[in-house]
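*Asks:* Prediction below, plus the sequence it came from.
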There are 8 protein chains.
Amino acid sequence: LPVDAALDSLAFDPAESLGFATIDHHRALRQGFPEVVFGAGKTDAQVVAIAERIAGHGDGFLVTRTAASAAAALQRRFGAAEWNEAGRTVLLRGRDVPRADGTLLIVTAGTSDLPVAEEAAVTADALGLSVSRLTDVGVAGIHRVLARRDVLASARVIVVVAGMDGALSSVVGGLVRVPVIAVPTSVGYGAAFAGLAPLLTMLNSCAAGVSVVNIDNGFGAAVAASRILHA
Amino acid sequence: LPVDAALDSLAFDPAESLGFATIDHHRALRQGFPEVVFGAGKTDAQVVAIAERIAGHGDGFLVTRTAASAAAALQRRFGAAEWNEAGRTVLLRGRDVPRADGTLLIVTAGTSDLPVAEEAAVTADALGLSVSRLTDVGVAGIHRVLARRDVLASARVIVVVAGMDGALSSVVGGLVRVPVIAVPTSVGYGAAFAGLAPLLTMLNSCAAGVSVVNIDNGFGAAVAASRILHA
Amino acid sequence: LPVDAALDSLAFDPAESLGFATIDHHRALRQGFPEVVFGAGKTDAQVVAIAERIAGHGDGFLVTRTAASAAAALQRRFGAAEWNEAGRTVLLRGRDVPRADGTLLIVTAGTSDLPVAEEAAVTADALGLSVSRLTDVGVAGIHRVLARRDVLASARVIVVVAGMDGALSSVVGGLVRVPVIAVPTSVGYGAAFAGLAPLLTMLNSCAAGVSVVNIDNGFGAAVAASRILHA
Amino acid sequence: LPVDAALDSLAFDPAESLGFATIDHHRALRQGFPEVVFGAGKTDAQVVAIAERIAGHGDGFLVTRTAASAAAALQRRFGAAEWNEAGRTVLLRGRDVPRADGTLLIVTAGTSDLPVAEEAAVTADALGLSVSRLTDVGVAGIHRVLARRDVLASARVIVVVAGMDGALSSVVGGLVRVPVIAVPTSVGYGAAFAGLAPLLTMLNSCAAGVSVVNIDNGFGAAVAASRILHA
Amino acid sequence: LPVDAALDSLAFDPAESLGFATIDHHRALRQGFPEVVFGAGKTDAQVVAIAERIAGHGDGFLVTRTAASAAAALQRRFGAAEWNEAGRTVLLRGRDVPRADGTLLIVTAGTSDLPVAEEAAVTADALGLSVSRLTDVGVAGIHRVLARRDVLASARVIVVVAGMDGALSSVVGGLVRVPVIAVPTSVGYGAAFAGLAPLLTMLNSCAAGVSVVNIDNGFGAAVAASRILHA
Amino acid sequence: LPVDAALDSLAFDPAESLGFATIDHHRALRQGFPEVVFGAGKTDAQVVAIAERIAGHGDGFLVTRTAASAAAALQRRFGAAEWNEAGRTVLLRGRDVPRADGTLLIVTAGTSDLPVAEEAAVTADALGLSVSRLTDVGVAGIHRVLARRDVLASARVIVVVAGMDGALSSVVGGLVRVPVIAVPTSVGYGAAFAGLAPLLTMLNSCAAGVSVVNIDNGFGAAVAASRILHA
Amino acid sequence: LPVDAALDSLAFDPAESLGFATIDHHRALRQGFPEVVFGAGKTDAQVVAIAERIAGHGDGFLVTRTAASAAAALQRRFGAAEWNEAGRTVLLRGRDVPRADGTLLIVTAGTSDLPVAEEAAVTADALGLSVSRLTDVGVAGIHRVLARRDVLASARVIVVVAGMDGALSSVVGGLVRVPVIAVPTSVGYGAAFAGLAPLLTMLNSCAAGVSVVNIDNGFGAAVAASRILHA
Amino acid sequence: LPVDAALDSLAFDPAESLGFATIDHHRALRQGFPEVVFGAGKTDAQVVAIAERIAGHGDGFLVTRTAASAAAALQRRFGAAEWNEAGRTVLLRGRDVPRADGTLLIVTAGTSDLPVAEEAAVTADALGLSVSRLTDVGVAGIHRVLARRDVLASARVIVVVAGMDGALSSVVGGLVRVPVIAVPTSVGYGAAFAGLAPLLTMLNSCAAGVSVVNIDNGFGAAVAASRILHA
């Protein structure tokens, strides 16, 4: 009990303030994953400064939605930082990230959905998950996904990434028992309305128990998977 | 040539006016289907009066979106008029409606989509089409539609009726070569937004060449099929 | 292997057709939960007929969005069927539903969100989950939820049900490591736009890894939880 | 029968995987048109690699929404590839594409709608259709389209391309018996909302049986026409 | 000059207050039309009380959007008040309403648009305009409106009332030189979105110089016409 | 300090749970106003039970959005409870509610906006504010509000209640120095979209420093005024 | 009569086709204004070619939404063409444009609305109208417009151009008897939604008889004014 | 009284016209803050010219939404003008701006919200308010804001700036008694819809009495605070 109380107290200690940012070093204790920096809307200097504080505590970090210039700055500062251009992520691997059992399968409907899938894959990797992929198996050629039912069956959690009609999540959701997390993407044009169409499709999935994250939110889908697989 | 000119002229003769309606008796010549009365927003008396004028020319008629009271009034006036409660149609069969070759298949995703499918089926029948049905084969149980590929293969035109995620049209569109007309329905709740979700899904179908009509517009889908099958 | 193949084949056998419905008796094998009937848009007679076929196979059933008249008809036909008025569900318990380890906690922001929470609780119960509740702890009085951190900590999965600003899911998502499934409700008025406001809030949760189901979809949230807890 | 079965089996053979793409070489058998590559959201290298695989099977290909740089790369690699700058398509003609009987007429409301019409025309040509055009005949000068009733009458299928008020499809739909496929365009400003206005107009066409594809989707309209004309 | 100043001063004298309403008796001087009461959202007692004050000044009044019970109460109190059930108006004719030169033509696309046309016609009559009508001439049968070009040509101002695709205003706007005021109606279903579709159509009319009023706002269209014809 | 700490601790003591509701008896300490019950979506029995608990602590209560049947039940149970039919509120006055200095002026654009103004007035009264009113002074007759500049000038805070175009808040906001809180109402039709139009108007007010609450949220406007006047 | 018939026939002669455009040389006869070219979405070459054909008939032309490069090309080709940079128009004045009696007053709410007002003013000038202006008189400083009631009173038609809250049209509409045409602009940010907010405000104007054109459509407002003033 | 009358008259004297702008020099008298120039949509020359006129009267000015080039031009012309790059403001301090008692606290949910907070802070400073800040305390780490309850408690007015889920305003609104003004920001992506999501969250805040300004409107929030603090 006292240990729990101490941990609990620790977990809620005030965070460190940089003036423009309040860093939550104890999130790892509280939530099991390291501080993640949302790169959009921050200057390169802000991103680097935040990363320095996190790394100064000996933690790794993940920057998402990273501008190319910020990525370069981070790599200059942290030699071990890994830049994923498609996924727009910079990762400095943390020490001692616990590995979870079970595989996260990331399924994409089309090639144009890959950047979002990459963001999910890098995030999942950073959180200690094992990732496999099934790519470009949208429902217009339904046999493509049916032919890989073995891959579907081997997953403990499935993330489905799809734009346009977003229909793949309904089909996959009906084929498996495991948790399915759907990520609508902004792939498409016209009445896709920058991802609104697949978002609505996924929210209305006729396959029960499919849950949904924000448009293009590969990061969020991976964290949701991590919450499940680290439980 | 003179015959064509005469027909052409006939087809564009002024229509008959009832004060509250302008009836286009020559539409049959011009478009190959009889006058259809959109029942919503008309009083029972207006619906009956319009029907009387059409029938007075020896034509049959179809009333869609018919209020129950208007249906009763029509059946009192026209003994041969047929009332389809689910589809909300009243049909007085025309004489000499030409039959089209080839079957129109109406596929529905769920039982709740049946009223829209009924409107389509009655309309198609009135226009001389042969209709078959495949019911409650939504993609959450993808094997239900795959198991009936023979039925899909036997159709010359397919109308897909689906609410919620509207995903069925993408799957069917990818399985067949023939024209697929998708009808979103207002079945669903919440983020289905009264049919907006399946409408967007269908407009963004990753199966190429699927075309779409208005939400709950079974009538329009049948007329689109008739334009194809009577060509 | 042959057993797997047989099961696999069984799982994809064609479903039983009632004309207006295609019943998927093998979904239990494929997905681990019994046939659920979406009551909205079906006549009472259709609901009862579908329930009879399912029960005829010895399965239990769950009807959601049940009209009061359909509920009465089901209870007349099935003495053991349980009617939850707030949640609008009728449940005939299945035999041998496997119980899952771990507790599902259903948290509601306000009293008006209870009907959706009830739908979730009945569904979860039908699927073999253990359910606990935390009620009326919206963030306007943040101490109400903070004071019950012990309850949050004891859950394996948390479903957060909230209308209006939907902010509770972001707070809960930041307090726990376990999976959080957010259900926006249509509670509210004006710019709540029948649930659109909390839906957007939840999709944009600043707490990472919160996933979302359709507005008022307590059923879907429970199935998503079941996919996690039965894994 | 055995031939049918073999063809059927062939049509559903697993597709070829490139890692970032899963190519469906048998779509020609199944749907009667060659693999089409949606160029948006793909890198130039990905587009070329996919094209190479398709061409390696001896098939032609069509790339839509092609970036100028990707078009140049494709033309360097495939000398026979044709670049349509307005329509943003690159076409390598397939061998032995069957020609369909009957003319597809593409009608545009204004000059600014021409890029979408070009995408439709190139696609139709690739699919073996004969194409004619009627340009800049929007309803503000209704006599422009009425004066060309002879052209309308000579078509087997009509694609109507219009932005702004999208009203042309209703007028054309009322003048002809043949199938009419409406393509809303993003031409316009303000309350055109990037094509939403003509999309809604076309979905609500008072001319019955007009069906609609996505905003700016000239490609989809041509495929829908091909489904009709190749039947 | 002093007369003008006096009139000007008079026109801006404070209005009479009833507690729940502030009546502007001098609007007739300022704007040339009598006080109009928007009936929706007011109790029957409030409507009658306001009418009494206006009539007490010797003015006539027009109540729009009148509930049937309010209409009955008004007719009990004012024997000369005229109730138009379709248009939902109650009119007590004012004395000495100046008649305007030139005819206002009200054109409707369909029979279901008549209630809005009635509201416009009663309002126009109350404001001293001469009204003629052209009914049910929607563009699906374009010859219906073309055949009546003489009627169009005889009007000084045209109000076009249309739901669904709202395309009639573009055609009429292109046929005449005189002012065209378009009124979208909530006639239609599905993607008509209660009048949004024709509203957008009319705002994007490819016929230049068509102006638009609110959905179902026959009253406003008539006042706009009166501003023109009384100038 | 210890007193502050004690108060602080008191303010955050756990709330009382009724199972379906968690009552926050200490909100008065924390926020300066009594518990308010949002009546919509609660059964009559729930509303009464919550009210009993609050009253049991000697506090008064305010129920908003009260169904008529719930109001009757509350008045049967609490003889001193006051029912405002237009505003749909039931108020049991609290003891010792501190009175604030300065007057809150509630300005309405039209008579149909009065129910929202009533909700605001009852709430303000319950919170100890002095309320005055200016009614039916919408900008179509701009002299109505200009003539009452003295009333505007005497207010310490102004709440502007308006539907339709919502323009009144911009005019009032430009005339006074004091805080202006704008309440859009659902009064109007068509493109008013149930209050969306005035909501957007008010959010975009060209008069700087006007702030806005939810559509029809008279209650919230009064609480915002109370936060200002009790400061 | 024969003259009328000839004119009528002339007015409906087929238009001249350029392949990418169908020019309607007789619109001047039919509608009283010269051919106007909508520059957006056309290449510079197309714009010049169309202009050449119109000028070749001895007519003037007006190009709206002109790209700077197209404007330069037009001025190289037509020395007398006038480029209005703010309004993005190129005008080659026509011969013998009839002048209308009465002044068109263009009122703007803010300086940022001037480009739209310029488009209106150039168009009006091209159509033979006399134009005056009242600038930057938005309702946040209501005395600015009230102080110029003399200018308002001298106009025969008023065009009100406003972004953000769009409230100016309601105030002006209530102050004058003459026709008021409201033009919402895309000036603003956030919840102005690129002109949607003032568009809705203007459609819901509490001043009766204000009509509205598309967002930023200064051109359309001027044509609407011309229809009135040339009548 | 005569003084009041004189002031009143002065306050409504006609404003100065520059042709493209009408400057309201007396707003300071009427509303207590100097003329503010909305920089968006104005040319650099217009911005400088307006600033010169204001400064010519001896007043300071504030330009918001300033383009970098306009800022440079202003600083060349006015040596004392201060450029805040993040907030995009240029401020020339006025003389004798009265200081208000009490602190305005600006709370931001994330680092990316800082530009909006800067606009608010500069504006508040220009209006004579004392400003303190609490940065990056979004609800995903609820302890960050709870740990600073002392700072919250010391404020007289609080502005909450948040994008994404916008949930911070509900939590802060429930913790304090003082006025809370919420500013949604366009920070986020996908279903944040450029600030729509936090806007709706804030309008539906379950904490009563939170009022809202436009998306990204830091300026407006500061003026609203000034109206309160200068009262």
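*Replies:* In hand now; what should we look at?
*Asks:* now the helices for chain A?
*Replies:* For chain A, applying DSSP state H gives helices covering A:2-11, A:27-31, A:44-56, A:68-77, A:114-126, A:142-146, A:149-153, A:168-175, A:196-203, A:218-229.
*Asks:* Next one: the fifth one, is it in contact with chain B?
*Replies:* What that stands for is helix A:114-126. No: Helix A:114-126 stays clear of chain B (C-beta under 8 Å from any C-beta of the partner chain), getting no nearer than 15.4 Å. C-beta here means a position set from N, CA and C on the backbone, and glycine is covered the same way.
*Asks:* Could you figure out how far that helix is turned away from helix A:218-229?
*Replies:* 40 degrees (axes from the mean of the first three to the mean of the last three C-alpha atoms, to 10 degrees).
*Asks:* so helix A:114-126 versus helix D:44-56, what angle?
*Replies:* On the basis of the same axes, to 10 degrees, helix A:114-126 is oriented at 110 degrees to helix D:44-56.
*Asks:* Can you spell out which helices and strands pack onto helix A:114-126?
*Replies:* If you count contacts as 3 or more C-beta pairs under 8 Å, 6 or more residues apart in numbering or on different chains; DSSP states H and E, helix A:114-126 packs onto strand A:61-64, strand A:82-84, strand A:89-92, strand A:103-108, strand A:130-134, strand A:157-162, helix A:218-229.
*Asks:* same thing but at 7 Å, please
*Replies:* The contact analysis (3 or more C-beta pairs under 7 Å, 6 or more residues apart in numbering or on different chains; DSSP states H and E) places helix A:114-126 against strand A:61-64, strand A:89-92, strand A:103-108, strand A:130-134, strand A:157-162, helix A:218-229.
*Asks:* Could you do the fourth one as well?
*Replies:* Other elements packing on helix A:68-77 under the criterion 3+ C-beta pairs under 7 Å, 6+ apart are helix A:44-56.
*Asks:* Next one: the helix it packs on, is it in contact with chain H?
*Replies:* Yes: judged by C-beta under 7 Å from any C-beta of the partner chain, helix A:44-56 and chain H are in contact via A:Q46.
*Asks:* Centre of the chain to that helix, how far?
*Replies:* Averaging C-alpha positions (C-alpha atoms, centre = their mean, to the nearest Å) puts helix A:44-56 21 Å from its chain's average.
*Asks:* can I get the CA coordinates of it in PDB?
*Replies:* In PDB, the C-alpha atoms belonging to helix A:44-56 read as follows (Å, rounded to 0.1, in the frame of the first residue of the first chain):
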ATOM      1  CA  ASP A  44      11.700  24.000 -34.500                       C
ATOM      2  CA  ALA A  45      13.400  25.600 -31.500                       C
ATOM      3  CA  GLN A  46      10.500  24.700 -29.200                       C
ATOM      4  CA  VAL A  47      10.500  21.100 -30.400                       C
ATOM      5  CA  VAL A  48      14.200  20.700 -29.800                       C
ATOM      6  CA  ALA A  49      14.000  22.300 -26.400                       C
ATOM      7  CA  ILE A  50      11.200  20.000 -25.300                       C
ATOM      8  CA  ALA A  51      13.100  17.000 -26.600                       C
ATOM      9  CA  GLU A  52      16.200  18.100 -24.700                       C
ATOM     10  CA  ARG A  53      14.400  18.200 -21.400                       C
ATOM     11  CA  ILE A  54      12.900  14.800 -21.900                       C
ATOM     12  CA  ALA A  55      16.200  13.300 -23.000                       C
ATOM     13  CA  GLY A  56      17.800  15.100 -20.000                       C
END
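*Asks:* so where's chain A uncertain?
*Replies:* Residue ranges of chain A with pLDDT under 70: A:1-15, A:24-34.
*Asks:* residue in it nearest to chain G?
*Replies:* Using C-beta to the nearest C-beta, A:F193 is the residue of chain A that sits closest to chain G, at 13.7 Å.
*Asks:* Could you tell me which residues make contact with that residue?
*Replies:* Under the criterion of C-beta atoms under 7 Å, 6 or more residues apart in numbering or on different chains, A:F193 has no neighbours.
*Asks:* mind running it again at 10 Å?
*Replies:* By C-beta atoms under 10 Å, 6 or more residues apart in numbering or on different chains, the contact set of A:F193 is A:186, A:199-200, A:215, B:200, B:203-204, D:193-194, D:196, D:215, H:193.
*Asks:* try A:I181
*Replies:* A:104, A:106, A:120, A:157-161, A:169, A:202, A:210-213, A:217, A:220-225, A:228, C:179, C:209, C:211, C:224.
*Asks:* quick one on the thing from earlier: adding mean neighbour count, write the helices of chain A out as a markdown table.
*Replies:* Below are the helices of chain A laid out as a markdown table (neighbours: other C-beta atoms under 10 Å in any protein chain shown):
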| stretch | mean neighbour count |
| --- | --- |
| helix A:2-11 | 11 |
| helix A:27-31 | 19 |
| helix A:44-56 | 18 |
| helix A:68-77 | 16 |
| helix A:114-126 | 26 |
| helix A:142-146 | 22 |
| helix A:149-153 | 14 |
| helix A:168-175 | 29 |
| helix A:196-203 | 30 |
| helix A:218-229 | 28 |
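*Asks:* pretty sure A:E119 is in contact with A:T64, am I right?
*Replies:* Yes: counting by C-beta atoms under 10 Å, A:E119 does reach A:T64; the two are 6.4 Å apart.
*Asks:* shared neighbours of these two, anything?
*Replies:* Jointly contacting A:E119 and A:T64 under the rule C-beta under 10 Å, 6+ apart are A:87-89, A:217-220.
*Asks:* Out of the residues you listed, which is nearest to E:D136?
*Replies:* Ranked by distance to E:D136 (C-beta to C-beta), the shared contacts of A:E119 and A:T64 are led by A:N217 at 50.6 Å.
*Asks:* measure that closest one to chain C for me?
*Replies:* Going from A:N217 to chain C by C-beta to the nearest C-beta, to the nearest Å gives 8 Å.
*Asks:* quick one on the thing from earlier: close to chain H as well: tell me which of the shared contacts of A:E119 and A:T64 qualify.
*Replies:* With C-beta under 10 Å from any C-beta of the partner chain as the criterion, the shared contacts of A:E119 and A:T64 include A:217, A:220 near chain H.
*Asks:* Just give me the closest of the shared contacts of A:E119 and A:T64 to D:A68.
*Replies:* The closest of those to D:A68 turns out to be A:R88 (C-beta to C-beta; 23.7 Å).
*Asks:* is it true that the closest one touches A:T123?
*Replies:* No: the criterion here is C-beta under 10 Å, and A:R88 misses it with A:T123 at 11.5 Å.
*Asks:* Common neighbours of the two, please.
*Replies:* Common neighbours of A:R88 and A:T123 (criterion: C-beta under 10 Å, 6+ apart): A:64, A:218.
*Asks:* what's the burial count for the residue lying closest to A:I23 once chain neighbours are set aside?
*Replies:* The shortest distance from A:I23 to any non-neighbouring residue, by C-beta to C-beta, 6 or more residues apart in numbering or on different chains, is to A:E16 (4.7 Å). For A:E16, the count of nearby residues is 15 (other C-beta atoms under 10 Å in any protein chain shown).
*Asks:* Roughly how far does A:E16 sit from chain C?
*Replies:* Relative to chain C, A:E16 is positioned 17 Å away (C-beta to the nearest C-beta).
*Asks:* which ones are touching the closest residue to A:A197 other than its chain neighbours?
*Replies:* What sits nearest to A:A197 in space, not counting adjacent residues and going by C-beta to C-beta, 6+ apart, is B:L200, at 3.8 Å. Residues in contact with B:L200 (C-beta under 10 Å, 6+ apart) are A:164-166, A:188, A:190-193, A:196-201, B:166, B:184, B:193, B:212, D:214.
*Asks:* Over to A:R148?
*Replies:* By C-beta under 10 Å, 6+ apart, the contact set of A:R148 is A:105, A:107, A:134, A:137, A:154, D:14, D:17, D:22.
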